[in-house]
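Trainee: Show me the folded form of this:
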Amino acid sequence: MLITDCKFLENELMDVVRLFEKRPTSICHSFRFEGGVFYNAFTVDGKDYSFVDEGQVRDEIEYKRLERRFAKLALYRILSELSGEKMPWGALTGIRPTKMAYMEKHAGRDYHELFAKMQVSGENVKLVDDILAAQAGIYSTGEGADLFISIPFCPTKCAYCSFITAPIDKIRHFLAPYLACLEKELAAIAPLCGNLRSIYIGGGTPFVLSEEELERVLKATAPLVREGVEYTVEAGRPDVFTDGKLRLLQEYGVNRICINPQSFSDETLRKIGRKHTVADVYKAFELSKKYGFIINVDLIAGLEDEDVETFRRSVELAVETGADNITVHCLSLKSGAKLKEELSRVENGFVADMVAVSREILSAAGYIPYYMYRQKYQAGNNENVGWTKPGRACVYNIDVMEETTDNIAVGANAVSKRVFDGGARIERFASQKDLKTYMEKLDETIAKRYEFFTKNP
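Mentor: Numbers count the residues shown, from 1 in each chain. Alright, predicted model coming up:
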């Protein structure tokens, strides 16, 4: 379908094609760069188009960035004109528009001009404005680090999920040795954790662990906890909450938790493979609030058979819980998700109406957007946004999404990041995904991670 003489751009251009429901039969592309000018030529279903753009090229990184940007914008213009479709983020296909805005600001340029050129909607430009304002005073300029601890177990596998997680009943025999590996890793990384901004125990569903198992993780993490460090446990599904687990979190200094219902519809919960009810969500809140945690709630727009009114009700009920943060995700179907075969849902415009509803309700209720990211194959080409009550923003989420601090990650399928030059360059180190392989190669992983974080840039 798509042929280009620049292989570097093939995947980038296909990302643009996937934005549109109406797609051409054939696309041919050629590219050249001469005298500071980028030339892109396309033949789409037999019709020729050409585009000329100038850009300031300071180094190879900047050159590649502009090469991608101008080629994608050119193809977006063509396909938008041919199909009559306009995307809320225009020609942007990257996952972090706010990071792009920061990069423009740091270069002394007005990101509004770039977003206008890339045909981003006015509503989404304002969303970026609001997020950058909310991050003031929290956004890091490269100081500090964050710690992620992976608990890749869940009660069941959700239909939309593509994460490397496993139903606890099928792999319980791995649990005790896995926790022993985590304890060893956490002891080994202590020399790397002198300047932590936040700690995040995530999953999976960390609360799927028993109280005794959970305490092993908390006890192993305790030597790394310092006064003033944000400490979050993504507790997860409400049906695995107990008073004892919440009490343990408080005892070990945890100050934030996540309750993740995804929907306030019992019918939807059943269809996506959850074994809890909306009533269980309220019970989890009732148990949690007496411990004084800052609480986040996750919702997903675009779940199976939900319409806009069903989603509206979920957002309204999430607000009524009094949650400090509410994160609105848009369904993203990737390989590994049971719903992948329903890819047409990703292209369905009704999710944009859900996003609009969430913005309306949450803004009216006093929440402000404070972080945002996007994914491939995301419903309606929209975005995931974290909303917060003033003063309740999550440091870990901001650091991870803006990629301004190192991330030390332990556990299976954990990806550590080392950030250079304020995020201009990022190196990654990934642990093994498979539980058995992760445990077998633990000593090697510990040694390589230490070298990764201590080697000269």
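Trainee: what's in contact with the helix or strand that contains residue 427?
Mentor: Using DSSP states H and E, residue 427 maps to strand 425-430. Outside of strand 425-430, the residues within contact range by CB atoms under 8 Å, 6 or more residues apart in numbering are 61, 403, 413-420, 448-449, 452. C-betas here are computed from N, CA, C, even on glycine.
Trainee: redo that, cut-off 7 Å
Mentor: By CB atoms under 7 Å, 6 or more residues apart in numbering, the residues outside strand 425-430 that reach it are 403, 415-419, 448-449, 452.
Trainee: Kindly provide the whole-number mean pLDDT of it.
Mentor: Strand 425-430 comes out with an average pLDDT of 94.
Trainee: which parts of it are buried?
Mentor: Under the neighbour-count criterion of 16 or more other CB atoms under 10 Å, strand 425-430 has residue 429 buried.
Trainee: chain center to that strand, what's the gap?
Mentor: 16 Å (CA atoms, centre = their mean, to the nearest Å).
Trainee: same check, this time on stretch 64-77
Mentor: 24 Å.
Trainee: Same check on stretch 293-313?
Mentor: Using CA atoms, centre = their mean, the offset of stretch 293-313 from its chain centre is 17 Å.
Trainee: end-to-end on it?
Mentor: End-to-end span of stretch 293-313 (CA to CA, to the nearest Å): 25 Å.
Trainee: go on, stretch 105-113?
Mentor: 11 Å.
Trainee: where does the chain have low pLDDT?
Mentor: Flagging of the chain using pLDDT under 70 yields the residue ranges 157-166, 333-349, 377, 379-380.
Trainee: So which bits of stretch 247-265 are buried?
Mentor: Neighbour-count burial for stretch 247-265, counted by 16+ other CB under 10 Å, picks out 248-249, 252, 254-265.
Trainee: any residues touching it, and which ones?
Mentor: Residues from elsewhere that reach stretch 247-265 (CB under 7 Å, 6+ apart): 211, 214-215, 218, 222, 225, 230-238, 269, 272, 278, 281, 284-285, 288, 291, 293-300, 303, 306, 310, 313-314, 317-318, 394.
Trainee: Also stretch 205-216?
Mentor: Residues from elsewhere that reach stretch 205-216, judged by CB under 7 Å, 6+ apart: 151, 153-155, 168, 175, 179, 183, 233-237, 240-242, 244-245, 248.
Trainee: coming back round to it: report the strands that pair with the strand holding residue 427, each with its relative direction.
Mentor: Partner strands and pairing direction for strand 425-430 (DSSP bridges) are strand 415-420 (antiparallel).
Trainee: List the buried residues in the strand it pairs with.
Mentor: 416-419.
Trainee: do the same with stretch 55-66
Mentor: 55, 57, 66.
Trainee: Tell me the one of the residues you listed nearest residue 371?
Mentor: Residue 371 has its nearest neighbour among the buried residues of stretch 55-66 in residue 66, at 26.5 Å by CB to CB.
Trainee: Provide a list of residues in contact with the closest one.
Mentor: Counted by CB under 7 Å, 6+ apart, residue 66 has contacts 38, 55, 57.
Trainee: Any idea what the residue most central in space within the chain is bridged to?
Mentor: By CA atoms, centre = their mean, the mean C-alpha position of the chain lies nearest to residue 373, the distance being 5.5 Å. For residue 373, the beta-bridge partners are residue 384 (DSSP bridges).
Trainee: my read: it touches residue 400, true?
Mentor: No: using CB atoms under 7 Å, residue 373 is not in contact with residue 400, being 8.8 Å away.
Trainee: Does residue 277 touch residue 267 like I think?
Mentor: No: here residue 277 does not reach residue 267: they are 10.4 Å apart, not a contact under CB under 7 Å.
Trainee: who's more crowded, the two?
Mentor: Shown here are residue 277 and residue 267; by other CB atoms under 10 Å, residue 277 has more neighbours (15 against 12).
Trainee: For residue 3, see how far away that one is.
Mentor: 52 Å (CB to CB, to the nearest Å).
Trainee: again with residue 106
Mentor: Residue 106 is 37 Å from residue 3, by CB to CB.
Trainee: State the number of residues packed around the nearest residue to residue 76 once chain neighbours are set aside.
Mentor: In this structure, residue 76 finds its nearest non-sequential neighbour in residue 91, 3.6 Å apart by CB to CB, 6 or more residues apart in numbering. Residues within reach of residue 91, counting by other CB under 10 Å, total 23.
Trainee: Quick check: residue 91 touching residue 74?
Mentor: No: with contact defined as CB under 7 Å, residue 91 does not count as touching residue 74 (8.6 Å).
Trainee: Between all of the buried residues of stretch 247-265, which two are separated the most?
Mentor: So, these by CB to CB: farthest apart are 252 and 265, at 34.2 Å.
Trainee: By residue count, tell me the biggest helix in the protein.
Mentor: helix 60-83 (DSSP state H).
Trainee: I'd say residue 383 and residue 372 touch.
Mentor: Yes: look at residue 383 against residue 372 with CB under 7 Å: they come within range, at 5.3 Å.
Trainee: need the strands for the stretch 151-300 of the chain, in chain order.
Mentor: Taking DSSP state E, counting those that start in this stretch as the test, the strands found in the stretch 151-300 of the chain are 153-154, 166-167, 196-203, 230-236, 256-262, 294-301.
Trainee: Tell me which of those strands lies nearest to residue 129.
Mentor: strand 294-301 (22.1 Å).
Trainee: Which strands or helices does that closest one pack on?
Mentor: For strand 294-301, the packing partners by 3 or more CB pairs under 7 Å, 6 or more residues apart in numbering; DSSP states H and E come out as strand 256-262, helix 308-320, strand 325-330, helix 350-364.
Trainee: could those go into JSON lines alongside distance to residue 143?
Mentor: Formatted as JSON lines, these follow (distance: least, CB to CB, whole Å):
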{"stretch": "strand 256-262", "distance to residue 143": "21"}
{"stretch": "helix 308-320", "distance to residue 143": "34"}
{"stretch": "strand 325-330", "distance to residue 143": "24"}
{"stretch": "helix 350-364", "distance to residue 143": "31"}
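Trainee: returning to that earlier point: now the residue nearest to residue 76: how far from residue 181?
Mentor: From residue 91 to residue 181 the distance is 44 Å (CB to CB).
Trainee: Equivalent analysis for residue 431, please.
Mentor: Note on residue 431: its distance to residue 181, by CB to CB, is 10 Å.
Trainee: helix or strand for the closest residue to residue 324 other than its chain neighbours, which one?
Mentor: Of all residues not flanking residue 324 in the chain, residue 392 sits nearest, at 4.1 Å (CB to CB, 6+ apart). According to DSSP H and E, residue 392 maps onto no helix or strand at all.
Trainee: give me every residue that touches residue 392.
Mentor: 294, 324-325.
Trainee: can you pick the most crowded of the residues you listed?
Mentor: Going by other CB under 10 Å, residue 325 tops the contacts of residue 392 with 22 neighbours.
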